[in-house]
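Novice: structure for the following, please:
(2 chains)
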Amino acid sequence: MKKAFPQPHTVRISGIGGQGNVLMGIILAEALLDQGSWVVQTQSFGAQVRGGLSYCDVLFNTEPIDYPRAHSFEVIYSMHQMAVNAHVPLLHMNGILIIDSTQVKSIPKEGARMTRKIISKPVTELTEGKFGTSLPANMVGLGLIARAGNFVTTQALKVAMSKHIKAKYVDMNSQAIDFGYSLIERSYNLRSERIDSVGRGFE
Amino acid sequence: MREFVLLQGDEACALGAIKAGCRFFAGYPITPATEIAETMAKELPKVGGTFIQMEDEIASAAAIIGASLSGEKSMTATSGPGFSLMQEAIGYAAMTETPTVIVNVQRGGPSTGMPTKTAQGDVMQARWGTHGDHQIIAIYPSNVEEVYKYIVTAFNYAELYRTPVIFLMDEILGHMRESVYLPYESEMMVVPRTGETGLAEDDIFHPFEGDDQMMATPLVKMGKSRFHVSGLVHDESGFPVGTPSDVSRLLRRLDNKIRLHSDEIVIYDEFMTEDAEILVLAYGSVARSAMKAVKMAREDKINVGLFKPVTIWPFPSTRLRQLLKKVSAVIVAEMNLGQILFEVSRLNKRGVKLEHLGKVDGELITPQEILDSISRVKSEIMDL
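Specialist: Residues are numbered from 1 along each chain as shown, chains lettered A, B, ... in the order given. Here you go, the predicted model:
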């Protein structure tokens, strides 16, 4: 007999070390907490500081979260070809896949099979064009996530960002979040409650 | 309203320590414990405390002992490789009855192992890492809120029992950020370092004299007394002695002061153990996977419960013995090849079915793996 079991919502931000994906996750987690969710943020990286596959997961729910990891994701934001290749198979059916097409040249076949919600923008290039530097590209990414996923407000993101970034850069990063939000028109909604079924066959 | 904040495990450890009165931190950076040192470096000066980055972990452990003997509550934080280097000083702290806290955020080992991956391979080292007969207190929380709460307990136990306390964490717990309701100030009981010896000016302070409950004399603040400290076997004044009766008296008191009070020291959590036929025993971050697995199994009408030791040492033997009388099987889930399993099998006099789920690939045990183990054990019990 199948049973319903509520699961937390899951977001994975991935790239290579140095792109700022862990900072994105921390700011996203803090913004979600500000909106009243229970959150867990974990990360994975290798021994090197720059380069190498690195990712940051954010889980959020209306109740406390027991298991801090996730094995499939409703939203994946990916900033490197290596990361896309590794993580697309973990996308939830009909999940949202957002990629920085400056860094990612091809999406694995599984991507198109799992979802039609694929958003591809040359984030690094657009950021350089607008701000003269690619540094706030990760904040542009957060703006994209806010628009595409519709589960976090840009206002909450900006408040969280200002706690983690030096005062003199807050303005630029704030604009970067708005810029990301303006890059796309389409929004999707996450399911209000995620249910995964479990069933072991014992009565 | 309680404050609802996002805290990293390592940050919570440092902030909780400051709440507990820690005013001295000496350490050497190491993944995954570096953030504790970072937070201490930032926060300690704000409360008049001292942060020192030492040349290595041997010096770090020695410095916190010196700081504690001169009157400040002290702490260091490291991971496996540094914890190995600290063992000699931990023994010195045990022998000289110096209250201090050593945090070990475990990563994969042996040796440099896997710096950014998680493991629970140091639980036996926490117990027996330093040489000689000694008791130790080791506390191992399983979420960020518990880190904040139990680091205060660790400092309190260090003062009350005048002993080094090992505070175990793991990479998952140390690096994870999580939403936390901070406890009210009034909920946090802090045992202060006493300011007075209670002696007249000419009396001699005997800091190594136990009372009839075998409890140690409370250590005092700087300038309140002078006494001799030695890692050699010593009498109540601290000067070395060597007669067999003196040696035996000291070593037995060091053992008794913790062993005879272990019922007051032990902390554990239980979930749905009342009617459990299968018991899952897990600690640290694995307890979170186990909690979810137990909830999932209950949905499938399997009577399973969770037993989570918080004090790994002293081990909550009394309660586990009671549970072992009621259950048909125990699953020990841990990220090592059978360290607490050994402790459980030692207590398992009735020969209850014992299943081990050990994982050493640097990843957290998943709820599904525990659930699979529960299902397998359940079908084996039904076959009997």
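Novice: pLDDT weak spots in the stretch 151-300 of chain B?
Specialist: Under the criterion pLDDT under 70, the flagged ranges of the stretch 151-300 of chain B are B:195, B:222.
Novice: for chain A, what are the nearby residues on it?
Specialist: When proximity is defined as CB under 8 Å from any CB of the partner chain, the stretch 151-300 of chain B approaches chain A at B:172, B:175-179, B:285, B:288-289, B:291-292, B:295-297, B:299-300. Quick note: C-beta positions are derived from backbone N, CA and C, even for glycine.
Novice: which residue ranges of the stretch 101-250 of chain B form helices?
Specialist: Taking DSSP state H, counting those that start in this stretch, the helices of the stretch 101-250 of chain B run over residues B:123-128, B:144-161, B:171-175, B:244-259.
Novice: same check, this time on chain A
Specialist: For chain A, the helices defined by DSSP state H cover A:21-34, A:81-87, A:109-114, A:123-131, A:137-149, A:154-164, A:167-182.
Novice: if you look at the fifth one, does any of it touch chain B?
Specialist: Okay, so that is helix A:137-149. No - applying CB under 8 Å from any CB, one finds helix A:137-149 separated from chain B by no less than 15.5 Å.
Novice: and that helix, average pLDDT?
Specialist: Averaging pLDDT along helix A:137-149 yields 97.
Novice: can you pull up the bridge partners for residue A:98?
Specialist: For residue A:98, the beta-bridge partners are residue A:77, residue A:119 (DSSP bridges).
Novice: enumerate every residue touching residue B:338.
Specialist: B:332, B:356, B:358 (CB atoms under 8 Å, 6 or more residues apart in numbering or on different chains).
Novice: hang on, the earlier thing: can you redo the helices of chain A as a markdown table with mean neighbour count?
Specialist: Conversion of the helices of chain A to a markdown table gives the following (neighbours: other CB atoms under 10 Å in any protein chain shown):
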| stretch | mean neighbour count |
| --- | --- |
| helix A:21-34 | 24 |
| helix A:81-87 | 19 |
| helix A:109-114 | 14 |
| helix A:123-131 | 18 |
| helix A:137-149 | 26 |
| helix A:154-164 | 18 |
| helix A:167-182 | 17 |
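Novice: so which of these comes closest to residue B:113?
Specialist: helix A:21-34 (22.0 Å; CB to CB).
Novice: what would the closest one look like as CSV? C-alpha coordinates only.
Specialist: C-alpha atoms of helix A:21-34 as CSV (Å, rounded to 0.1, in the frame of the first residue of the first chain):
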residue,chain,number,x,y,z
ASN,A,21,27.1,29.3,-5.6
VAL,A,22,27.4,28.7,-1.8
LEU,A,23,26.9,32.4,-1.2
MET,A,24,23.8,32.2,-3.4
GLY,A,25,22.5,29.3,-1.3
ILE,A,26,23.1,31.1,2.0
ILE,A,27,21.3,34.3,0.8
LEU,A,28,18.4,32.2,-0.6
ALA,A,29,18.1,30.3,2.6
GLU,A,30,18.2,33.4,4.7
ALA,A,31,15.5,35.0,2.5
LEU,A,32,13.3,31.9,2.8
LEU,A,33,13.8,32.0,6.6
ASP,A,34,12.7,35.6,6.6
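Novice: report how many residues lie close to the nearest residue to residue A:15 once chain neighbours are set aside.
Specialist: Leaving out its chain neighbours, the residue that sits closest to residue A:15 by CB to CB, 6 or more residues apart in numbering or on different chains is residue A:79, at 3.4 Å. Per other CB atoms under 10 Å in any protein chain shown, the neighbour tally for residue A:79 reads 28.
Novice: before we move on, what's the pLDDT of residue A:79?
Specialist: In this model, residue A:79 carries a pLDDT of 96.
Novice: rank the helices of chain A by mean pLDDT and give me the bottom one.
Specialist: Among these, helix A:109-114 carries the lowest mean pLDDT, a mean of 87.
Novice: which of the helices of the stretch 101-250 of chain B is buried the deepest?
Specialist: Among these, helix B:171-175 has the highest mean neighbour count (mean count of other CB atoms under 10 Å in any protein chain shown), at a mean of 28.
Novice: now for that one, which elements pack on it?
Specialist: Contacts defined by 3 or more CB pairs under 8 Å, 6 or more residues apart in numbering or on different chains; DSSP states H and E place helix B:171-175 against strand A:38-44, helix B:9-19, helix B:34-43, strand B:100-108, strand B:114-118.
Novice: and that helix, how far out from the chain's middle?
Specialist: Helix B:171-175 has its C-alpha centroid displaced from the chain centroid by 15 Å (CA atoms, centre = their mean, to the nearest Å).
Novice: tally of neighbours for the closest residue to residue B:235 other than its chain neighbours?
Specialist: Computed as CB to CB, 6+ apart, the closest residue to residue B:235 that is not its neighbour in sequence is residue B:241, at 4.8 Å. Residue B:241: 16 surrounding residues under other CB under 10 Å.
Novice: residues in contact with residue B:241?
Specialist: Contacts of residue B:241 by CB under 8 Å, 6+ apart are B:233, B:234, B:235, B:247.
Novice: would JSON lines of these with distance to residue A:115 be doable?
Specialist: Formatted as JSON lines, those follow (distance: CB to CB, whole Å):
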{"residue": "B:233", "distance to residue A:115": "70"}
{"residue": "B:234", "distance to residue A:115": "71"}
{"residue": "B:235", "distance to residue A:115": "75"}
{"residue": "B:247", "distance to residue A:115": "72"}
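Novice: closest one of these to residue A:129?
Specialist: Ranked by distance to residue A:129 (CB to CB), the contacts of residue B:241 are led by residue B:234 at 73.3 Å.
Novice: quick one: that closest one from residue B:249, how far?
Specialist: Relative to residue B:249, residue B:234 is positioned 11 Å away (CB to CB, to the nearest Å).
Novice: deepest of the helices and strands packed on helix B:171-175, which one?
Specialist: By mean count of other CB under 10 Å, the helices and strands packed on helix B:171-175 have strand B:100-108 as the most buried, with a mean of 28.
Novice: average pLDDT for that one, rounded please.
Specialist: 97.
Novice: what is the orientation angle of that strand with helix B:144-161?
Specialist: Angle, strand B:100-108 to helix B:144-161, by axes from the mean of the first three to the mean of the last three CA atoms, to 10 degrees: 140 degrees.
Novice: returning to that earlier point: closest one to residue B:340 among the helices and strands packed on helix B:171-175?
Specialist: Ranking these by proximity to residue B:340 (CB to CB) places strand B:100-108 first, at 13.2 Å.
Novice: the closest one: partners in the sheet, and parallel or antiparallel?
Specialist: Strand B:100-108 has the following sheet partners, assigned by DSSP bridges: strand B:73-78 (parallel), strand B:114-118 (antiparallel), strand B:164-170 (parallel).
Novice: any idea how far the last one is from the middle of the chain?
Specialist: So the one you mean is strand B:164-170. The chain centre lies 4 Å from the centre of strand B:164-170; the measure is CA atoms, centre = their mean.
Novice: related to what we said a few turns ago, the residue nearest to residue A:15 and chain B, how far apart?
Specialist: Separation of residue A:79 from chain B (CB to the nearest CB, to the nearest Å): 19 Å.
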